[in-house]
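Asks: take a look and give me a structure for this.
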Amino acid sequence: MTDNIDNNSAGFNKGNELPESLRCQYLKVMGIQTWFDPQLEAAMPELPAVNVADVKTEHAQNKKVSETPQLTPEKLITETSPTETVSQAQVTTSQQIQRSSVDNLDDLNLKISQCELCELHTSRKQVVTGEGDTGANLFIITDAPVDDSNAEYALLNINDKTMLQQMLQTINCSLSNVYISSLVKCRPPEQRSPQTSEMICCEDHLTAQIKLVKPSVILVMGELASQQLLVSQKSLTDLRLRQHKHLGIPVYASYHPAEMFDSSETKRKVWADLLQISNHI
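Replies: Numbers count the residues shown, from 1 in each chain. The predicted model follows:
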């Protein structure tokens, strides 16, 4: 009971709310003008005089508290967990290295040989990046490396390469004048087709190759490779005989050399596709 009387005598009501008259005195000291009913002021009890110095001191303290920087969760991690911050920086640096650009095909090949973006790296013995003329006008893309009797891994086996060479000769072109690469750089196990996730992981590598070679035209061979490169679910029949674009470069879809053996009709179709390409080389 004594505490309540003391609080009231100091100008506070039971709800600990500042009386209007005392509030106005505080505001006046702080340079804030207010208006209220004079009759209410007459009914107010006599309040002790406000010490201006005390008000200014209290105001300064409140301002200092409000200006104190708050410790956000991000700052808390930085200030109290330096090890975690360093770990995050290492992860970011690793990602930047993995996605960093290169200036030439040799550096790119080294980067590809160290790639671990998909599960194919766990079973590979070597990567197969690309082969041919690094300044070629024609860039040829297949789906994946294969087993070859003359080399453990190759982009095309010897028979398919011979067929491709014969078809290129129909437009006065040679394998030595083209650059060949694949959607994935590691041979899938058991000679299965590459999975979509694996081809997506290798997209940056192929993009970098194309940008470094700077071809005038691209030939993509086979339905799977054509659908993936052109981001389409259309059949090869629908994708052929029309110009597409990839990275701003004209692209033509055609059959894989393995599909041309013992099929004169398929050879004629490939020749028609190559005639369109010949206009760009």
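Asks: what stretches of the stretch 51-200 of the chain score poorly on pLDDT?
Replies: Low-confidence segments of the stretch 51-200 of the chain (pLDDT under 70): 51-101, 148-152.
Asks: quick one, strands of it?
Replies: For the stretch 51-200 of the chain, the strands defined by DSSP state E, counting those that start in this stretch occupy 130-132, 138-142, 178-182.
Asks: with mean neighbour count and distance to residue 209 added, can I get these in TSV?
Replies: All C-beta atoms are positioned from the backbone trio N, CA, C, and that covers glycine. Output for those, formatted as TSV (neighbours: other CB atoms under 10 Å; distance: least, CB to CB, whole Å):
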stretch	mean neighbour count	distance to residue 209
strand 130-132	19	6
strand 138-142	25	8
strand 178-182	24	5
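Asks: between the ones you listed, which gets nearest to residue 199?
Replies: strand 178-182 (9.4 Å; CB to CB).
Asks: other SSEs contacting that closest one?
Replies: strand 130-132, strand 138-142, helix 203-213 (3 or more CB pairs under 8 Å, 6 or more residues apart in numbering; DSSP states H and E).
Asks: then the second one to CSV, C-alphas only?
Replies: To tie it back to what came earlier, the one meant is strand 138-142. Taking Å, rounded to 0.1, in the frame of the first residue of the first chain, the C-alpha atoms of strand 138-142 are listed here in CSV:
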residue,chain,number,x,y,z
LEU,A,138,31.3,-27.6,-88.2
PHE,A,139,30.8,-28.9,-84.6
ILE,A,140,29.4,-32.4,-84.3
ILE,A,141,27.6,-33.7,-81.2
THR,A,142,26.8,-37.3,-80.2
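Asks: of all the helices and strands packed on strand 178-182, which lies closest to residue 197?
Replies: helix 203-213 (10.9 Å).
Asks: buried residues in the closest one, which are they?
Replies: Across helix 203-213, burial judged by 16 or more other CB atoms under 10 Å covers 204, 205, 206, 208, 209, 210, 212, 213.
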